[in-house]
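Participant: Provided below for reference: sequence and predicted model.
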Amino acid sequence: EEEMHKTMEKLLDDGTIQGCVTMHYNFPIGVSTVGKVITPGRGKEMFIATTTGTSSPHRVEAMVKNALYGIITAKANGIKNPTVGILNVDGARQVEKALKELKNNGYHINLTESMRSDGGSIMRGNDLLAGTPDVMVQDTLTGNVFMKIFSAYTTGGDYESIGYGYGPGIGEEQQRTILILSRASGVPVVANAIQYAAELVKGNLKEVAKEEFEKANKAKLSEILKSLTKDNKKVKDTQEKVTAPPKEVVTGSISGIDIMDLEDAVEALWKKSIYAESGMGCTGPVIMVSEEKLNTAIAALKEAGFVAGEAPDC
């Protein structure tokens with residue numbers, strides 16, 4: 001798998017291919033995937049923002065970024081003015097406030113209304129089934145559950161037969177068009193995922209992303225995001241500064257660490273002179289280290305209280 005991903009990255013970087021579909025790819029923190037499903041209520045296509053990866057360790061900041069990632073993907077997929085809804089999960093009202101502030105600052109967001117009589121941009125279960133918005137925004141773990149349900153509700157869960165897969169990794173620094181599938185994805189989903197990738201390439205995903213990030217940054221996106229995490233950052237600023245050891249090739253992964261503790265766990269390993277990076281595996285957040293130092297790193301994380309033991313691979 002590692003060799004295949006290296007080959008895929010080389011082909012993408014040298015322009016031999018413009019997009020690729022794969023499984024179990026570890027995107028860096030800041031990048032997450034936008035899936036596309038067919039809703040059972042009306043048979044409508046809907047983008048799930050997001051489905052794997054982590055846009056930010058901070059929940060509300062991540063969901064604000066997820067909204068932008070969903071808009072980018074929908075526009076690259078041919079929807080000029082995608083409608084956006086925010087699922088009624090923890091942090092939804094803060095996300096709504098942040099998106100409205102971004103809109104007031106000049107970044108156009110087409111917030112839609114719930115199909116329920118009380119309306120509003122906060123979506124409910126009815127809106128999920130009907131596909132009320134083009135882009136449904138929520139945290140990644142919830143989005144991942146939705147992808148499973150929408151893709152496999154007719155098969156009992158072990159075979160994904162409907163939809164377009166977990167979608168492309170989107171982030172401000174992400175240059176490669178890489179789309180994710182599950183090991184449960186069946187032939188219809190694989191075929192749709194390849195079509196999804198082709199449509200995004202034709203829609204010039206990279207250029208759309210560049211333009212949208214520029215517009216959002218002009219509308220003070222970074223300032224809005226900082227205001228959401230200012231309390232966390234104050235605490236962080238008072239902590240000891242840790243310098244990373246010399247960089248190494250990291251192919252070993254350690255899972256079972258809470259997303260909120262991920263960056264602290266990386267720094268704990270740096271303090272032990274173990275080079276580590278954070279990422280997102282198929283079961284959640286992971287710490288990446290060299291294979292040679294995997295056992296040492298696990299022992300260090302156990303000692304620091306970040307893991308109870310080595311979590312099973314997916």
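Facilitator: Yes, it's here.

Participant: what's around the closest residue to Ile109 other than its chain neighbours, how many residues?
Facilitator: With Cβ to Cβ, 6 or more residues apart in numbering as the criterion, Ile109 has its nearest non-adjacent residue at 4.7 Å, and that residue is Lys103. For glycine as for every other residue, the C-beta is placed from the backbone atoms N, C-alpha and C. Neighbour count for Lys103, taken as other Cβ atoms under 10 Å: 14.

Participant: and if you look at Ile48?
Facilitator: Each residue near Ile48 was counted by other Cβ under 10 Å, and the total is 30.

Participant: Next up, the contacts around it.
Facilitator: By Cβ atoms under 8 Å, 6 or more residues apart in numbering, the residues touching Ile48 are Val34, Gly35, Lys36, Val37, Gly70, Met136, Gln138, Gly143, Phe146, Met147, Phe150, Gly167.

Participant: start to end distance for stretch 107-114?
Facilitator: 22 Å (Cα to Cα, to the nearest Å).

Participant: any idea of the mean pLDDT for it?
Facilitator: Stretch 107-114 carries an average pLDDT of 96.

Participant: And the contacts of it?
Facilitator: Residues contacting stretch 107-114 (Cβ under 8 Å, 6+ apart): 67, 71, 81-85, 96, 99-100, 102-103, 119-124, 126-127, 132-134, 215-216, 218-219, 221.

Participant: So which of the residues you listed belong to strands?
Facilitator: Applying DSSP state E to those, the entries found in strands are Thr83, Val84, Gly85, Ile122, Met123.

Participant: what sits opposite the last one in the beta ladder?
Facilitator: When bridges are called by DSSP bridges, Met123 pairs up with Leu87.

Participant: What is the neighbour count of it?
Facilitator: 26.

Participant: Out of the contacts of Ile48, who's the most crowded?
Facilitator: Busiest of the contacts of Ile48 [other Cβ under 10 Å] is Gly167, holding 35 neighbours.

Participant: how much space between that one and Ala198?
Facilitator: Using Cβ to Cβ, to the nearest Å, one gets 13 Å for the distance from Gly167 to Ala198.

Participant: neighbours of Lys247, just the number please.
Facilitator: By other Cβ under 10 Å, 8 other residues sit near Lys247.

Participant: which pair in the ones in strands among the contacts of stretch 107-114 spans the largest distance?
Facilitator: Thr83 and Ile122 (13.8 Å; Cβ to Cβ).

Participant: Where in the protein is the helix or strand with the lowest mean pLDDT?
Facilitator: Lowest by mean pLDDT, DSSP states H and E among the helices and strands of the chain is helix 221-237, with a mean of 73.

Participant: That helix: what's the following helix or strand?
Facilitator: The element immediately downstream of helix 221-237 (helix or strand, assigned by DSSP states H and E) is strand 252-255.

Participant: Counting by contacts, list what that next one packs against.
Facilitator: strand 277-281, strand 284-289, helix 294-304 (3 or more Cβ pairs under 8 Å, 6 or more residues apart in numbering; DSSP states H and E).

Participant: Of those, which stretch is the most buried?
Facilitator: Compared across these, strand 284-289 shows the largest average neighbour count, a mean of 24 (mean count of other Cβ atoms under 10 Å).

Participant: and that strand, which strands flank it?
Facilitator: strand 252-255 (antiparallel), strand 277-281 (antiparallel).

Participant: Output it in CSV with nothing but the alpha carbons.
Facilitator: The C-alpha coordinates for strand 284-289 follow below in CSV (Å, rounded to 0.1, in the frame of the first residue of the first chain):
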residue,chain,number,x,y,z
GLY,A,284,-9.6,8.2,13.2
PRO,A,285,-6.6,10.3,14.3
VAL,A,286,-3.1,8.7,14.0
ILE,A,287,0.5,9.5,15.0
MET,A,288,3.0,8.7,12.2
VAL,A,289,6.5,7.6,13.2
